[in-house]
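Engineer: Mind folding the following:
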Amino acid sequence: MIEKHLALSSDFHYWSDEDHNILLGKWCLKNKNTKHLYKYKHSIIRDIWDDDKYDSKVSFCNTIHNVMLKHLSTSLNTIHDEDLSVRSWDIIVGWWLLFHIQNCYDRYHLIETALEQNPTSCNILTLPANLFIPADSLEYTKFIYNDLRNFFLLSWILNEFKHRDLECRPIEAKPQEVRNFEELKTARLHRNQTISYQGQSFKYTFAGARFSPITLREILNENGHEELPYYRYGFEPNLKLREELLSNYQPQTHFEQVCISLLRNQMPASFLESFGRNLEATSINYPKNTGIIYTANSILTDDSFKIWTTTQIEKNKSILALGQHSNVYGNLHNQSAEEYERRIADVYVTWGWEEDKKTTALPSLSLKPFYKGFSFNLKTSDKIIFVDVSYSLFKSWLYSLPQGSDHLETIQDVSSFYTSLNTKLLEKFEHRLYPLNFGWDEGDILRSKFPNLKLTNADGEISFKKQLKSGRICVLNYHSMVLSECIAADYPVICFWNFEKTKLRQSIKYLYQNLEDVGILHSSPKSAAEFIDKNYHNIETWWYDEKTIKAKKAYASKFCRSEHEPEKAWANFFNQLMVKHEHNS
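Structural biologist: Prediction:
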């Protein structure tokens, strides 16, 4: 009988030297492991997402979220002696809850699938669970990409299965891994916590807007405030308090039971132990809002802002206006963050597209630096800027882009692109690495395969705009904000990505078909490389061709809309909202 070892970590040091290792995903094939794989007998479980049931899985997680949120709202109101509405708790905790459910869903089904192969042994992480409790939502988003935290999560879930025939062997984490994780917890916020707007009142509040609101405020005739302070507090986990979470909820499935068990351990302290301090600090130091609250980014991970926002909505009937902050919004077939934001918002501002009564298209102020005053000269440079991507080793949340193990194919496509390229052109490339290394080590892979390729941005400190201005063509290998930035700036861009993994909405596919027809978008790295070989010396002729211009304009009208004085359009929109607010007050 073959002894099978269930490996819960991507680090081969935690695998079995003797038994056959069952690996939970292709993320175990990361670059650091490739030289050692031959030493280990191993197989990889089937991809749980490689089927036609993706939509139903997303729908299941959404259903669990909606039901669980109502019960969680009751628990949190009781714990904090509050009477906030379900919508208010959705604003405060809803995105984290959905993130948590989707994260658990993926890991739960990895374990469930692996157990079908009847493993006989497994190494279980012995670190205390309290180590992984985040201070707030922002810290949680750092934790989820960490290999040690993923090891802990899988260990916890496996224990919940209580598999009788599996020998679980406690194992200690490597000290350096623990130190690296502790550094995530001690990272300081860049936001000033000493700012106070005590006693001040504003009609308009802008926070995490992704643009400077100074010009817009002048048109609106209101002197505003700088960025709002963010509060993060040290805390001692209150395990008794955490056990009260969802005590009124009766799980219908084993998955829900596991999800709740982890929720009690993983919920950020900002919703529990630190909630009262956050509420008090924001009520004192944040301004009173008597009209409209606008944000793009802050609604997801700025817990101080979210807590304050709900008080303004409930006390002053403030209007919550949210804005697009990613190029994939309005594009992807599934995009959990977009769906969440549009649900909780009173109005949702986009960069050109509209889908319902909540969505309003305005010229993108985030892209204004590209469509106004972005100067470059295609005749004075021969450089090509390749903007690379990286994804976390593990699936984090559900959306229609490559994730986790899918990134191996993305890495292979980059190599295929350069291999297909004319060797004389290779020396003209500057390859801009993604500023975060999730463990794939793309830079090391490229150095070994293409030693003459110039790699940049390994430390994440090179200005993208400055680098772009130094070149004549931008190349992309993923659905990125850079596409909209280049088209807004009218800068030559050529893209390629996996059309099956990047699933677009049916209603906008024609726009991407237009881009493909004129050579901006390609379905393979080989096609993109051959197109650059053919058109490099005549790039302006192609870029300013009538058909190319038509495809660019059609795309820009939906995803990077511009105007000569964009702030005036925004001011008109906010003035109309204010009339509505005053009518309802």
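Engineer: Show the model's pLDDT score for S283.
Structural biologist: S283 carries a pLDDT value of 93.
Engineer: With G460 instead?
Structural biologist: Per-residue pLDDT puts G460 at 79.
Engineer: Nearest spatial neighbour of it, chain-adjacent residues omitted?
Structural biologist: Spatial nearest neighbour of G460, excluding adjacent residues (Cβ to Cβ, 6 or more residues apart in numbering): P435 at 2.9 Å. No exception for glycine: its C-beta is placed from N, CA and C like everyone else's.
Engineer: which ones are touching the one you found?
Structural biologist: 457, 459-460 (Cβ atoms under 8 Å, 6 or more residues apart in numbering).
Engineer: what are the phi and psi values for it?
Structural biologist: phi -70, psi -10 (degrees, to the nearest 10).
Engineer: ok so, going back, tabulate the contacts of P435 in TSV, adding columns for secondary structure, distance to L367 and neighbour count.
Structural biologist: Below are these laid out as TSV (DSSP: H, G, I helix; E, B strand; the rest coil; distance: Cβ to Cβ, whole Å; neighbours: other Cβ atoms under 10 Å):
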residue	secondary structure	distance to L367	neighbour count
N457	coil	21	19
D459	coil	26	8
G460	coil	21	10
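Engineer: what ranges do the helices span in the stretch 151-300 of the chain?
Structural biologist: 175-186, 214-220, 239-243, 254-266, 275-285, 298-301 (DSSP state H, counting those that start in this stretch).
Engineer: how about JSON lines for those, with mean neighbour count added?
Structural biologist: Listed next are the helices of the stretch 151-300 of the chain as JSON lines, based on neighbours: other Cβ atoms under 10 Å:
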{"stretch": "helix 175-186", "mean neighbour count": "12"}
{"stretch": "helix 214-220", "mean neighbour count": "17"}
{"stretch": "helix 239-243", "mean neighbour count": "12"}
{"stretch": "helix 254-266", "mean neighbour count": "19"}
{"stretch": "helix 275-285", "mean neighbour count": "17"}
{"stretch": "helix 298-301", "mean neighbour count": "23"}
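Engineer: In CSV: those, plus distance to V93.
Structural biologist: Formatted as CSV, the helices of the stretch 151-300 of the chain follow (distance: least, Cβ to Cβ, whole Å):
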stretch, distance to V93
helix 175-186, 20
helix 214-220, 30
helix 239-243, 14
helix 254-266, 10
helix 275-285, 10
helix 298-301, 12
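Engineer: Identify whichever of the ones you listed lies nearest to T423.
Structural biologist: Closest to T423 of these is helix 175-186 (Cβ to Cβ; 39.5 Å).
Engineer: Report the contact partners of L148.
Structural biologist: Contacts of L148 by Cβ under 8 Å, 6+ apart are 125, 127, 173, 177-178, 180-181.
Engineer: of all those residues, which comes closest to C486?
Structural biologist: Among the contacts of L148, and counting by Cβ to Cβ, the member closest to C486 is N180, at 35.6 Å.
Engineer: Give me the buried positions along stretch 504-511.
Structural biologist: Applying a neighbour-count criterion of 16 or more other Cβ atoms under 10 Å, one finds 504, 508, 511 buried in stretch 504-511.
Engineer: Just the buried residues of the host helix or strand of T63, please?
Structural biologist: If you go by DSSP states H and E, T63 is part of helix 54-80. By 16+ other Cβ under 10 Å, the buried positions in helix 54-80 come out as 57-58, 61-62, 64-65, 68-69, 71-77, 79.
Engineer: From I520, how far off is P128?
Structural biologist: Using Cβ to Cβ, to the nearest Å, one obtains 52 Å as the distance from P128 to I520.
Engineer: Make TSV out of the contacts of P435 and add distance to E565.
Structural biologist: Output for the contacts of P435, formatted as TSV (distance: Cβ to Cβ, whole Å):
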residue	distance to E565
N457	34
D459	38
G460	34
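Engineer: Quick check: L23 touching K41?
Structural biologist: No - taking contacts as Cβ atoms under 8 Å, L23 lies outside contact range of K41: 10.7 Å.
Engineer: Comparing these two, which shows the higher neighbour count?
Structural biologist: L23 (24 against 17; other Cβ atoms under 10 Å).
Engineer: Identify the bridge partners of the more buried one.
Structural biologist: When bridges are called by DSSP bridges, L23 pairs up with A7, I44.
Engineer: Contacts only, for it.
Structural biologist: 7, 42-45.
Engineer: try L263
Structural biologist: Contacts of L263 by Cβ under 8 Å, 6+ apart are 97, 100, 245-246.
Engineer: before we move on, back to that, just name the closest of the buried residues of helix 54-80 to I144, please.
Structural biologist: Minimum distance to I144 across the buried residues of helix 54-80 is 15.4 Å, recorded for C61 (Cβ to Cβ).
Engineer: Contact partners for the closest one?
Structural biologist: Contacts of C61 by Cβ under 8 Å, 6+ apart are 98, 101-102, 105, 398.
Engineer: any idea where the strands of the stretch 201-350 of the chain begin and end?
Structural biologist: Using DSSP state E, counting those that start in this stretch, the strands assigned to the stretch 201-350 of the chain run over residues 201-207, 288-295, 319-323, 347-350.
Engineer: and the longest one, which strands flank it?
Structural biologist: Partner strands for strand 288-295, per DSSP bridges, with pairing direction: strand 201-207 (parallel), strand 319-323 (parallel).
Engineer: got a pLDDT number for the residue nearest to R505 when sequence neighbours are not counted?
Structural biologist: Leaving out its chain neighbours, the residue that sits closest to R505 by Cβ to Cβ, 6+ apart is H333, at 5.5 Å. pLDDT, H333: 95.
Engineer: ok, H333 - how many residues close by?
Structural biologist: As a burial measure, H333 scores 16 neighbours (other Cβ under 10 Å).
Engineer: nearest to Y230, of the buried residues of helix 54-80?
Structural biologist: When the buried residues of helix 54-80 are compared against Y230 (criterion: Cβ to Cβ), the nearest one is L76, at 20.7 Å.
Engineer: wait, what's in contact with that closest one?
Structural biologist: In this structure, L76 makes contact with 82, 84, 89, 93, 245, 271, 275, judged by Cβ under 8 Å, 6+ apart.
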